[in-house]
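Engineer: give me a 3D structure for the following:
(one chain, ligands or ions: 1)
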Amino acid sequence: MGGNVIAMNPKTGDILAMVTYPNYNLNTPYEITDEEIKKNWESLSATERNTNLQAMWRNKAIADTYEPGSTFKTITSSAAIQEGITSTDKEGEFCCTGGIEIAGTRIKCWRHYRPHGSESLRQALMNSCNPVFIGLGQKIGVEKYYSYLKKFGFLDKTRIELPGEAKGIFLKENKVGPVELATISFGQRFEVTPLQMVTAVSTIANKGIRMKPRVVKQMINSKTRRN
Ligand SMILES: [Zn+2]
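Structural biologist: All right, here's what the predicted structure looks like:
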C-alpha cells in the first residue's frame, strides 16, 4: 500500500511539492520505518539491510511505474479532439450500451449493468465510460495514438534533475492489435511514472505546451544575491 502526490505548475514545470508514502524521516535515514522489517532487522544480512534501505529511500514518484487507468482518458480525449474526431459538448455524440465489441471480444463498460446511454464527450469523461474511449482510440489508430504518447512524453524520461528516473512501459507499436489499442485507450495494459502523468496532464492545462519538470528554479550567490 502507498501513494504519491505531485504538485506541478503547468506553465513553468516547477515541482511545488512531491511526496510519497510510505515515507521516512530525512533526519534519521537509516531508521527503517516498516514495522515488520524493523522487527527482523537484527537477523538480516548486510545485503538484505542495504536492499531494504534502498527500497525505503526510493523516490517512487519518479522511479516507479503504475497503471494509470481512467486518468488516461484525458490523454485519449485530447488526441481525439486534436485530430478533429470528436468535440467536447456535442449532445448525444456517443451511446453507451454497456460494452463494445472489439475483434470478437466484448469489452464492458464499468457500468454495464446500467449503461450510460446517450452522452457527449464531456459527459463520457464525467461518467468514465470505457466504450467511448475505446471507440475514440480505434478512430485515432495505433500509429497516431503512439505519436501522441511520444508528444505527451510517455515514451521518454522527463529528464527531471533527480536521480533514478524511470519511463513508461508500453507494448511495442507493432505488437498493438485492436484489443490492445482498446485497453490502452482507457488506461490499462501499460505503465507510466506518476511524474510522467502529471507532466502530460499539465501539458493539457498549458494549452499543449509541455514543460520539463524542474526542482531548482534558480541559484543565487548568497553574498551578491545574483545568479
Ligand atoms: Zn458507459
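Engineer: Ser128 touches Gly69, doesn't it?
Structural biologist: No. Ser128 is not in contact with Gly69 according to CB atoms under 8 Å; the separation is 9.2 Å. Glycine gets a C-beta too; all of them are placed from N, C-alpha and C.
Engineer: contacting residues for the spatially most central residue of the chain?
Structural biologist: Note on the chain: the residue nearest the mean C-alpha position is Met197, at 3.2 Å, using CA atoms, centre = their mean. If you count contacts by CB atoms under 8 Å, 6 or more residues apart in numbering, Met197 has them with 68, 71.
Engineer: three-state assignment of it?
Structural biologist: Recorded secondary structure, Met197: helix (DSSP: H, G, I helix; E, B strand; the rest coil).
Engineer: where exactly do the strands run in this structure?
Structural biologist: Under the criterion DSSP state E, the chain contains strands at 3-8, 15-21, 94-96, 99-102, 105-108, 117-119.
Engineer: any bit of the last one sitting next to the ion?
Structural biologist: No. Counting by CB under 5 Å from the ion, the ion is not contacted by strand 117-119; separation bottoms out at 7.7 Å.
Engineer: what's next to that strand, contact-wise?
Structural biologist: Strand 117-119 is contacted by residues 91-96, 127, 129, 132 when judged by CB under 8 Å, 6+ apart.
Engineer: which residues of this structure lie near the ion?
Structural biologist: Residues of the chain found near the ion (CB under 5 Å from the ion) are 96, 109, 116, 129.
Engineer: separation between Ala61 and the ion?
Structural biologist: 31 Å (CB to the ion, to the nearest Å).
Engineer: right, and the strands of the chain - which one's nearest Val216?
Structural biologist: Closest to Val216 of the strands of the chain, according to CB to CB: strand 15-21, at 9.5 Å.
Engineer: so what are the sheet partners of the closest one and their directions?
Structural biologist: Using DSSP bridges, the strands paired with strand 15-21 are strand 3-8 (antiparallel).
Engineer: starting at the chain centroid, how far to the strand it pairs with?
Structural biologist: Computed by CA atoms, centre = their mean, to the nearest Å, the chain-centroid distance of strand 3-8 equals 11 Å.
Engineer: buried residues in it?
Structural biologist: Neighbour counts over strand 3-8 (16 or more other CB atoms under 10 Å) mark 4, 6, 8 as buried.
Engineer: now the strands of the chain as a markdown table including mean pLDDT?
Structural biologist: Below are these laid out as a markdown table (pLDDT from 0 to 100):
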| stretch | mean pLDDT |
| --- | --- |
| strand 3-8 | 96 |
| strand 15-21 | 95 |
| strand 94-96 | 97 |
| strand 99-102 | 95 |
| strand 105-108 | 93 |
| strand 117-119 | 97 |
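Engineer: need the winner for burial among those.
Structural biologist: Per-stretch averages of neighbours, counted by mean count of other CB atoms under 10 Å, single out strand 94-96 among those, with a mean of 19.
Engineer: from the chain's centre, how far out does that strand sit?
Structural biologist: 26 Å.
Engineer: what does that strand contact?
Structural biologist: For strand 94-96, contacts defined as CB under 8 Å, 6+ apart pick out 109, 111, 115-121, 124, 127, 129, 131-132, 135.
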